[in-house]
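[1] structure for the following, please:
(2 chains)
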Amino acid sequence: MARTLINLPKTAKPGEVVAIKTLLSHPMETGFRPGPDGRILARNIVTEFVCRFEGDEIFRAELFPASSANPYLTFTWVATRSGGFTFTWRGDNGFEQTETAAIAVG
Amino acid sequence: MTAQRPDRRRVLAGAAGTVLAVALRPAGAAPLPRTETTESAIRRFAGTSAIRPGRVTLDLPPLVENGNTVPLSVSVESPMIPADHVRRIGVFNERNPQPNVVTVHLGPEAGRAQVATRIRLADSQRITAIAEMSDGTYWSASADAIVTLAACLEG
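    Just a heads-up that it's a prediction; the model follows:
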């Protein structure tokens, strides 16, 4: 399991726009760089990130080798009701990781 | 008596070794062929629709010391309501081995069309962000970045 950092407020007022910041610890090997032996290292990147709130997709990102190592994404969400978020990263070599977070709105 | 001058066999072996070493040199120094042109990646994103400048703000440092991690943020002027919101934002580069940087999908539940990430830049180049609105129009902004230490190509 790769390390993740997810930052969002624990509580929000209804209608408030909250910022969600996510970071996944991942090498994001581009597939274009030579390794120590001069051979090109195989690509190993995260290709997709999805954030869902109570099962509904609220944000999705397609990532490419041009993303930095440890892909960092921030986006916003309008607080409507209390509930849970799931954050899922998918990538090369069958990489998949899901994290959760909750918010109380009211 | 052993010969002091290099004999023919040794010279030939040395030459063969040099040729082999040159052949095995990593191709890292040579520019990598691009997999796709920026124009074709943008057309794959926007289809045949017209792309107008405006409504998009692209924030990127003009002078980048380390191309491996460049902060990038994009915001789009939009009320972000179900009738009028940003559907997608695509970011494209000119000189990385691959033209796509990131594509995000948004909806009215985002409240604001504002995203940030960190990217790699292989060279000094122009970055373009294109937003697709819910009415099917496309808007864009570009920014130039000068890169001192390139990403992707270094070992």
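[2] low-confidence regions, chain B specifically.
    Filtered on pLDDT under 70, chain B yields the residue ranges B:1-33, B:152-155.
[3] please enumerate the helices of chain B.
    Ranges of helices within chain B are B:8-24, B:38-46, based on DSSP state H.
[4] ok, and for stretch B:139-146, which residues are buried?
    B:139-141, B:143, B:145 (16 or more other CB atoms under 10 Å in any protein chain shown). Every C-beta, even on glycine, is put in place using the N, C-alpha and C of the backbone.
[5] next: stretch B:49-60.
    Applying 16+ other CB under 10 Å to stretch B:49-60 flags B:51, B:55-56, B:58, B:60 as buried.
[6] what does that stretch rub up against?
    B:42, B:70-78, B:89, B:91, B:127-131, B:136-143, B:145 (CB atoms under 8 Å, 6 or more residues apart in numbering or on different chains).
[7] hmm, try it at 10 Å
    With CB atoms under 10 Å, 6 or more residues apart in numbering or on different chains as the test, stretch B:49-60 has contacts from B:42-43, B:45, B:70-78, B:86, B:89, B:91, B:113-114, B:116, B:119, B:121, B:126-133, B:136-145.
[8] ends of that stretch, what's the gap?
    26 Å (CA to CA, to the nearest Å).
[9] just give me how far it sits from the chain centre.
    17 Å (CA atoms, centre = their mean, to the nearest Å).
[10] same deal with stretch A:83-96?
    With CA atoms, centre = their mean as the basis, the mean position of stretch A:83-96 lies at 7 Å from the chain mean.
[11] what number of residues lie near the residue of chain A found nearest chain B?
    Nearest to chain B, among the residues of chain A, is A:G38, at 3.3 Å (CB to the nearest CB). Counted with other CB atoms under 10 Å in any protein chain shown, the neighbours of A:G38 add up to 12.
[12] how about B:D84?
    The burial count for B:D84: 12, using other CB under 10 Å.
[13] now tabulate the buried residues of stretch B:139-146 in a markdown table and tack on distance to chain A.
    What follows is the buried residues of stretch B:139-146, written out as a markdown table (distance: CB to the nearest CB, whole Å):
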| residue | distance to chain A |
| --- | --- |
| B:W139 | 19 |
| B:S140 | 18 |
| B:A141 | 17 |
| B:A143 | 15 |
| B:A145 | 12 |
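[14] run through the bridge partners of residue 76.
    Since you didn't name a chain, this refers to chain A. Beta-bridge partners of A:T76, counted by DSSP bridges, are A:A19.
[15] actually chain B
    B:V56, B:A113.
[16] great, nothing more from me.
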